[in-house]
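S.K.: need a 3D model of the following:
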Amino acid sequence: MKEKKTELLDDAAEKPFLDKKNRIRLIAAVVLTLITAFAFAYGITHLLTTEPGYQEIEATAGYANCASDFVFAYDFGASGESPTAESKALKKIYNERVILYYRLFNPEERFDEVVNVASLNASPNTEIEVPRQLYRALEVASGDEGRNIYLAPFFEYYELLYASKFDEDAASWDPQKNDALREEFDKTLTFASSDEHVRLELRGDGKVFLFVSDEYKKYADEVGITSFIDFGWMKNAFIADAFADEMTEAGYTHGVIYSKDGYVRNFDLSGTEYTYGVYAETENGTEVVGALKYSGGAAICPLNPFILDVAEESLFYVYSDGSRRTRYISVEDALPHDAAGATVAFSKEKSCSEMLLSVLPYYQKNGVREYSSEGVGLIYYENGDLFKTDAEGFTFTQINQNK
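M.R.: Got it, this is the predicted structure:
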């Protein structure tokens with residue numbers, strides 16, 4: 001285990017006493033000096049040591065990174081190793097990873113240090129070797145029947161819609177309000193929705209081939225499409241999975257990472273119990289409607305038609321009339337669709353990204369109650385009505401909103 005962790009890190013003249021009074025003063029000064037020195041030394045030592053127990057690790061990376069989207073906490077000392085040593089190692093790893101993941105999942109910007117999604121978009125029909133973290137994510141995304149990763153051209157428009165400050169601005173980027181844009185979406189969808197025009201081929205050993213038909217490439221040049229694939233709003237689920245998997249493989253098995261848009265990957269294998277608050281919209285507003293208890297080694301994936309954290313505002317728009325445009329874009333019509341209530345999927349067998357891609361089609365068609373997958377539990381809450389399926393290792397307690 002220690003070998004794996006090491007692998008991952010790489011990384012004054014004396015004066016005579018004239019009288020008793022002077023002697024007392026000198027002793028007092030010496031004592032005061034010793035106390036001051038001790039306090040200073042204690043302060044420095046305290047800054048350089050880490051106390052045992054759960055603590056959040058904050059990234060201090062100077063380069064552009066994705067740390068603002070995540071919270072990472074670790075139970076220092078739980079493994080029996082020095083909390084200070086673990087803290088130093090994990091801070092280094094976390095700082096490196098939030099930079100790496102930001103670059104890996106970037107669909108537009110390329111970096112000299114790493115081959116990323118933008119590299120694939122810039123070189124269609126060319127075999128490219130990508131880092132293992134990205135390859136794993138592409139394996140999951142390429143198996144998605146909903147073809148969400150190929151909705152890249154539409155994500156760009158929706159980002160502008162979500163970022164709008166006024167309804168008039170939002171409407172110009174909304175295909176449900178802009179007929180010309182709707183027409184362009186329909187044309188683009190004929191390519192993005194077809195395996196004959198765009199698909200990922202994973203050839204093993206990290207080698208990836210992004211196939212794009214000549215027709216699609218010509219059309220892309222005409223309308224200015226630069227991204228054929230993009231994890232878009234889903235990327236935090238894949239990043240949480242990548243980080244948790246890397247930590248577990250390296251022997252760090254007492255932590256949890258969660259994104260501010262809700263995805264949780266707990267890789268604490270100690271048996272400690274955790275509680276996840278389930279939120280829903282009620283007559284009193286958005287509030288906790290239940291508690292999901294579980295031990296570590298678990299993944300939790302929420303899908304909500306409402307905002308829980310300010311970080312989600314960039315993935316959501318609400319018009320003044322109350323109508324919403326959520327992040328859940330469907331490959332069937334390139335429009336956002338969502339169930340009326342809150343959904344939480346949880347599992348000890350499946351990852352966040354795996355659950356997201358499997359539950360999403362049911363959620364978009366408001367058919368969550370029909371979803372079933374071995375090892376995956378589900379909670380769906382709408383207008384006080386609870387639908388629940390169980391998964392081993394989880395216990396859900398509903399909170400009576402009438403109390």
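S.K.: list the contacts of Phe76.
M.R.: Applying C-beta atoms under 8 Å, 6 or more residues apart in numbering, one finds that Phe76 lies in contact with Thr50, Glu51, Pro52, Gly53, Tyr54, Gln55, Pro83, Glu86, Ser87, His254. C-beta: built from backbone N, CA, C; applies to glycine.
S.K.: also Asp268?
M.R.: Asp75, Ala78, Thr253, His254, Gly255, Val256, Tyr274, Ser295, Gly296, Gly297.
S.K.: point out the least confident one among those residues.
M.R.: pLDDT across these is at its lowest for Gly296, which sits at 82.
S.K.: so how many other residues sit close to Asn284?
M.R.: 7 (other C-beta atoms under 10 Å).
S.K.: what pLDDT is listed against it?
M.R.: So, for Asn284, pLDDT stands at 84.
S.K.: quick check: phi and psi at it.
M.R.: phi -100, psi 0 (degrees, to the nearest 10).
S.K.: how about Ala171?
M.R.: Taking degrees, to the nearest 10, you get phi -60, psi -30 for the backbone angles of Ala171.
S.K.: please name the nearest non-neighbouring residue to it.
M.R.: Lys177 (4.1 Å; C-beta to C-beta, 6 or more residues apart in numbering).
S.K.: only alpha carbons, please: show stretch 291-311 as CSV.
M.R.: C-alpha atoms of stretch 291-311 as CSV (Å, rounded to 0.1, in the frame of the first residue of the first chain):
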residue,chain,number,x,y,z
ALA,A,291,-32.1,11.2,5.3
LEU,A,292,-30.2,8.5,3.4
LYS,A,293,-27.8,6.7,5.8
TYR,A,294,-24.9,4.5,4.5
SER,A,295,-21.4,3.5,5.1
GLY,A,296,-18.5,4.3,2.8
GLY,A,297,-17.6,2.9,-0.5
ALA,A,298,-20.7,4.4,-2.2
ALA,A,299,-21.8,6.7,-5.0
ILE,A,300,-24.8,9.0,-4.9
CYS,A,301,-26.3,10.7,-8.0
PRO,A,302,-29.1,13.3,-7.7
LEU,A,303,-31.2,14.8,-10.5
ASN,A,304,-33.2,17.8,-9.6
PRO,A,305,-35.5,20.2,-11.5
PHE,A,306,-34.3,22.9,-9.1
ILE,A,307,-31.1,24.6,-7.8
LEU,A,308,-29.5,23.5,-4.5
ASP,A,309,-26.2,25.4,-4.7
VAL,A,310,-25.2,28.7,-6.3
ALA,A,311,-22.7,26.6,-8.4
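S.K.: low pLDDT regions in the protein?
M.R.: 1-50, 401-403 (pLDDT under 70).
S.K.: how is it divided into domains?
M.R.: 105-230, 256-398 (automatic domain parsing).
S.K.: what distance separates the opening and closing residues of the last one?
M.R.: Its first and final residues considered, domain 256-398 spans 24 Å by C-alpha to C-alpha, to the nearest Å.
S.K.: before we move on, back to that, quick one: secondary structure of the residue nearest to Ala171?
M.R.: Per DSSP: H, G, I helix; E, B strand; the rest coil, the secondary structure class of Lys177 is coil.
S.K.: ok, it to Val223 distance?
M.R.: 20 Å (C-beta to C-beta, to the nearest Å).
S.K.: one more: Tyr276?
M.R.: For Tyr276 relative to Val223 (C-beta to C-beta), the value is 43 Å.
S.K.: just Ser123 next, same as before
M.R.: 20 Å.
S.K.: is it true that the residue nearest to Ala171 touches Asp169?
M.R.: No: contact status for Lys177 versus Asp169: not in contact, 11.1 Å apart, counting by C-beta atoms under 8 Å.
S.K.: between these two, who's got more neighbours?
M.R.: Each of Lys177 and Asp169 has its neighbours counted (other C-beta under 10 Å); Lys177 has more, 17 against 14.
S.K.: how close does the nearest residue to Asp390 once chain neighbours are set aside get to Trp173?
M.R.: Once flanking residues are discounted, Asp390 sits nearest to Gly377: 5.2 Å by C-beta to C-beta, 6+ apart. Here Gly377 is placed at a distance of 37 Å from Trp173 (C-beta to C-beta).
S.K.: which of the two has more neighbours?
M.R.: Gly377 (23 against 20).
S.K.: what lines up beside the strand or helix carrying that one in the sheet?
M.R.: Under the criterion of DSSP states H and E, Gly377 resides in strand 376-382. Sheet partners assigned to strand 376-382 using DSSP bridges are listed as strand 342-347 (antiparallel), strand 385-389 (antiparallel).
S.K.: which residues in this structure form helices?
M.R.: 2-9, 20-48, 83-104, 117-122, 132-142, 152-162, 167-172, 179-192, 214-223, 235-249, 352-364 (DSSP state H).
S.K.: centre of the chain to the last one, how far?
M.R.: Looking back up the chat, that one is helix 352-364. Mean C-alpha position of helix 352-364 versus that of the full chain (C-alpha atoms, centre = their mean, to the nearest Å) differs by 15 Å.
S.K.: sweet, I'm off.
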